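> Sequence and computational prediction follow.
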Amino acid sequence: MRRDVFQAIADPTRRKIIHTLVQKSINLNALSGNFHISRPAISKHIKILTECGLVIINQTGRERFCEVNFDSLREVADWIEQYKVFWTQKLDALEKFLEQESKASKAKKVAKVKSSKRTTH
């Protein structure tokens, strides 16, 4: 069964597993030692990560080493990038609006001060 990449990264434990594997390729026993859950639970998480293509398992002798498949992470990065562009544009527009509002507010205050000075003399 091919799982969705986003389903896989929705779980905080799987995100931590990915974070650990980004550092280096590691065998399942060593990986299990980094978490406060059972080895079978780690194996289930690894199964989900391999089903969606985020993790690749390489067998070397009797050891099974896990490593991150960066190509699958690209799908996540591409999805995030579209929202990064969207929000960057929105925040830039908000910054421009706030700067204009600030300038207008300062101009009103200056005009008010000048007006009050004229009426008192």
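Structure's in. What do you need? Worth saying up front: this structure is predicted, and the values here are computed from it rather than measured.
> buried sites along stretch 20-32?
For stretch 20-32, the neighbour count (16 or more other C-beta atoms under 10 Å) marks 20, 21, 26, 27, 28, 31, 32 as buried. Where C-beta positions appear, they are placed from N, C-alpha and C, glycine not excepted.
> The first one should be in a helix, yeah?
Looking back up the chat, that one is residue 20. Yes - counting by DSSP: H, G, I helix; E, B strand; the rest coil, residue 20 falls inside a helix.
> Please report the distance of it from residue 90.
Taken as C-beta to C-beta, to the nearest Å, the spacing of residue 20 relative to residue 90 amounts to 34 Å.
> by contact count, what packs against the host helix or strand of residue 115?
Element membership for residue 115 (DSSP states H and E) is helix 70-120. The contact analysis (3 or more C-beta pairs under 8 Å, 6 or more residues apart in numbering; DSSP states H and E) places helix 70-120 against helix 5-9.
> model confidence over the helix it packs on, on average?
Predicted confidence along helix 5-9 averages 90 (mean pLDDT).
> Next, the buried residues of that helix.
Of the residues in helix 5-9, those buried by neighbour count under the rule 16+ other C-beta under 10 Å are 5, 8, 9.
> Pull up the gap between the second one and residue 51, please.
The span separating residue 8 from residue 51 equals 8 Å under the rule C-beta to C-beta.
> Brilliant, that's me finished.
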